[in-house]
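Student: build the 3D model from these lines:
(one chain, ligands or ions: 1)
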Amino acid sequence: MKYCLSVLVLALALAAPATSAHDYSQGAVTVDHPWSRPTPPGTPVGVGYMSISNTGGNDIVLVGARTPRADRVSIHKSSMQEGVMRMTPVKGGLAIPAGETVELKPYSYHLMLEKLKSPLQEGEVIPLTLSFEGAEDMEVELNITQPRPRSLSRMP
Ligand SMILES: [Cu+2]
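Tutor: Presented below is the predicted three-dimensional model:
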């Protein structure tokens, strides 16, 4: 089983974003508040969170993403296994059924930005392209924001 840097990401995962919401719509798809956290220098990975709504009549699948800031973007799911937060790749992509919203958020689904080319810094806006089956590719921007410590109460 592959899991990566679970301790680091757990430490990064303890909070919610501080900035106001922003959203993107295209066809039946709305992506609300894409955001990520600043990364310390030398950190090889970053995260990506957002909620994705499918207002159409057909299911869609998030099959991938890319950004000029990372060599590769994977779709992961975090879960607690024997007291340790672990991440596993989401095989086949992340389904967003017709009429539903799926949240990418701490302790759950997230994008993993792998092999960052430079640290993500607070206040930056990072371009990100989402690829779907059943919908057009979509350009969004990740707001890099310092988390607030209120989100433990938002744990699923
Ligand atoms: Cu991950």
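
Student: just the CA coordinates of the strand of greatest length in the chain, formatted as CSV?
Tutor: For the chain, the longest strand by residue count, based on DSSP state E, is strand 70-81. The C-alpha trace of strand 70-81 is given here as CSV (Å, rounded to 0.1, in the frame of the first residue of the first chain):
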residue,chain,number,x,y,z
ALA,A,70,4.4,20.5,-9.4
ASP,A,71,5.6,17.6,-11.5
ARG,A,72,2.5,15.6,-10.9
VAL,A,73,-0.9,15.9,-9.2
SER,A,74,-2.5,12.8,-7.7
ILE,A,75,-5.9,12.2,-6.2
HIS,A,76,-5.7,10.8,-2.7
LYS,A,77,-8.0,9.8,0.1
SER,A,78,-6.8,10.1,3.7
SER,A,79,-8.2,7.8,6.3
MET,A,80,-7.3,6.8,9.9
GLN,A,81,-5.9,3.3,10.0
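
Student: mind listing what's buried in the helix or strand that comes right after that strand?
Tutor: Toward the C-terminus, strand 70-81 is succeeded by strand 84-89 as the next helix or strand (DSSP states H and E). Going by neighbour count (16 or more other Cβ atoms under 10 Å), the buried part of strand 84-89 is Met85, Arg86, Met87. (Glycine included, C-beta is placed from N, CA and C.)

Student: ok, the residue nearest to Pro38 when sequence neighbours are not counted to the ion distance?
Tutor: Nearest non-adjacent residue to Pro38, counting by Cβ to Cβ, 6 or more residues apart in numbering: Glu122, 4.6 Å away. Distance, Glu122 to the ion, using Cβ to the ion, to the nearest Å: 21 Å.

Student: now do Asp32
Tutor: Asp32 is 20 Å from the ion, by Cβ to the ion.

Student: same thing with Val125?
Tutor: 22 Å.

Student: quick one, helices of this protein?
Tutor: Using DSSP state H, the helices of the chain run over residues 6-12.

Student: how about the residues of it near the ion?
Tutor: Within the chain, the residues that sit near the ion (Cβ under 5 Å from the ion) are His76, Met87, Met112.

Student: what residues are up against the nearest residue to the last one once chain neighbours are set aside?
Tutor: Counting by Cβ to Cβ, 6+ apart, the nearest residue to Met112 once its immediate chain neighbours are dropped is Ser74, at 4.5 Å. Contact analysis of Ser74 by Cβ atoms under 8 Å, 6 or more residues apart in numbering lists Pro89, Leu111, Met112, Glu114.
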